[in-house]
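Student: turn this into a model:
(one chain, ligands or ions: 2)
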Amino acid sequence: MIDESTSSKSKPSSEAGFGVYVHWPFCAAKCPYCDFNSHVRHQPVDQPRFVKAFQQELRFMAERSQGEMVQSIFLGGGTPSLMQPETVGAILDEIAKLWPMDKAVEISMEANPTSVEAERFAGYRAAGVNRVSLGVQALNDADLKALGRLHSVADAQRAFDVARTHFDRTSFDLIYARPHQTPEQWRSELREATTMAVDHLSLYQLTIEPETQFELLYKAGKLSVPDPDISAAMFEITQEETDKAGMPAYEVSNHARPGAECRHNLVYWRYGLYAGVGPGAHGRLQGPQSRIATSTEKHPERWLEMVETRGNGLIEKEELSFEQAGDEFLIMGLRLREGINPARYTALSGRVINEKRVQDLKDNAMLESLPDGRLRVTPQGLMVLDAVVADLAA
Ligand SMILES: C[S@@+](CC[C@H](N)C(=O)[O-])C[C@H]1O[C@@H](n2cnc3c(N)ncnc32)[C@H](O)[C@@H]1O
Ligand code: SF4
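Tutor: Ligands and ions are numbered 1, 2, ... in the order given. Sure thing, here's the model as predicted:
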């Protein structure tokens, strides 16, 4: 058990920041690999009606996170770049009314790189967005088609150029270990990507997610992905090439020049607090003792009706045990290159990390201590991160 003083010491706003996540749940088409909460609608979405519901749910969350200062806002999806700039502006204005805002607030938005969306970039900048993350996914037209994407490489490059004229901070995502991709093909694509990138890249290894079209095809033997040893080689190539380009990993799949890290994602990985609004959004708020985990109804129109009738779309609001909070802190923090502060684990969980397990992991070159006492997973340990976390959390 934890006493009052340690519990207040673990108040995250001082250590890891506070962010607001807004989920836009619609996409122009469903990609066959994607299991995010995204829905296709063949009728226009009533954006003004959604705006009112977002504003209402933001007010609900603000009442439960009083005293926090917003360091970052993230508009994620789905495809938030299907929102009209007026929709984005109304959501950001409401956030600014409800919480004090850090002077250097980061306001990120995920965008798909089609020409239609690029036309809205100036409007998003005017609405307050200051960082864009483009879902480029591949720098090869045949693979973009196989991934079900609606853009070509040329479209993505044009959208990236437009984004750069409006935003100082522009990142893009690629997916690797794609069907039939070889390590050498990935190396050459990655070199192109690091040349194109400004200061941040997200590089995700393809995962076959449950209940996706890719899973159906995979189970039917109609889709093959690289073997685990080939994927591991691709992960190593990713580290080599991004290190060479001066954009090393600061998290398992995220790479940046020092200082250009995505602050919003750092709030998650440093186990800060965040309000999550919109269909299927998750949040972590401070409860009287420990963290409160929130999640909202995933189905967009059901969420809308819930917010309209009862003021929020919450389907879950659970105060985490100290043990759960400690586990979450390890799961998130050990993804980071900066590692974790063991004292913060103790403050959150009321437990001390098992020294013997730490030593065993160090002996196996999975974990290392930094000069300031922080613990971090080695590059070798990152390959089996889940096992390392499970060992430390046990
Ligand atoms: C939820 S998507 C939202 C961004 C935007 N809608 C898009 O698709 O460009 C965020 C990122 O997750 C990654 N992603 C989604 N599903 C994935 C999967 N099954 N394996 C690896 N990466 C995935 C993609 O790189 C994508 O850009
Ligand atoms: S990957 Fe992006 S565009 Fe494709 S379905 Fe998922 S959220 Fe939508």
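
Student: what does the host helix or strand of Glu305 rub up against?
Tutor: If you go by DSSP states H and E, Glu305 is part of helix 300-310. By Cβ atoms under 8 Å, 6 or more residues apart in numbering, the surrounding residues in contact with helix 300-310 are 25-26, 39, 49-50, 52-53, 56-57, 278-280, 296-297, 312-313. Backbone N, C-alpha and C define where each C-beta goes, glycine included.

Student: mind listing what's buried along whichever helix or strand Ala387 is part of?
Tutor: Following DSSP H and E, one finds Ala387 within helix 385-393. Neighbour-count burial for helix 385-393, counted by 16 or more other Cβ atoms under 10 Å, picks out 388-389, 391-393.

Student: same thing with stretch 85-101?
Tutor: 85, 87-92, 94-95, 98-99, 101.

Student: dump those residues to TSV, plus pLDDT, secondary structure and distance to ligand 2.
Tutor: Formatted as TSV, the buried residues of stretch 85-101 follow (pLDDT from 0 to 100; DSSP: H, G, I helix; E, B strand; the rest coil; distance: Cβ to the nearest ligand atom, whole Å):
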residue	pLDDT	secondary structure	distance to ligand 2
Pro85	98	helix	19
Thr87	98	helix	17
Val88	98	helix	17
Gly89	98	helix	22
Ala90	98	helix	22
Ile91	98	helix	18
Leu92	98	helix	21
Glu94	98	helix	24
Ile95	98	helix	22
Leu98	98	helix	27
Trp99	98	coil	27
Met101	97	strand	27
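
Student: give me the number of neighbouring residues for the closest residue to Ala122 other than its chain neighbours.
Tutor: With Cβ to Cβ, 6 or more residues apart in numbering as the criterion, Ala122 has its nearest non-adjacent residue at 5.8 Å, and that residue is His166. Neighbour count for His166, taken as other Cβ atoms under 10 Å: 17.

Student: cool, the one 3 residues further on as well?
Tutor: Summarising burial for Arg169: neighbours were counted as other Cβ under 10 Å, giving 21.

Student: wait, doesn't it sit right on Ala260?
Tutor: Yes: between Arg169 and Ala260 there is a contact under Cβ atoms under 8 Å: 7.0 Å.

Student: which neighbours do those two share?
Tutor: In terms of Cβ under 8 Å, 6+ apart, Arg169 and Ala260 are both contacted by the residues 198-200.

Student: just those now: which is nearest Gly78?
Tutor: Taking Cβ to Cβ as the measure, Gly78 lies nearest His200 of the shared contacts of Arg169 and Ala260, at 21.0 Å.

Student: next, the closest residue to the closest one other than its chain neighbours: secondary structure please.
Tutor: Once flanking residues are discounted, His200 sits nearest to Ser171: 3.8 Å by Cβ to Cβ, 6+ apart. Per DSSP: H, G, I helix; E, B strand; the rest coil, the secondary structure class of Ser171 is strand.

Student: for Ser171, give its distance to Thr346.
Tutor: Taking Cβ to Cβ, to the nearest Å as the measure, Ser171 falls 34 Å from Thr346.

Student: so for these two, which sits in the more crowded spot?
Tutor: Between Ser171 and Thr346, counted using other Cβ under 10 Å, the more crowded position is Ser171 (25 against 17).
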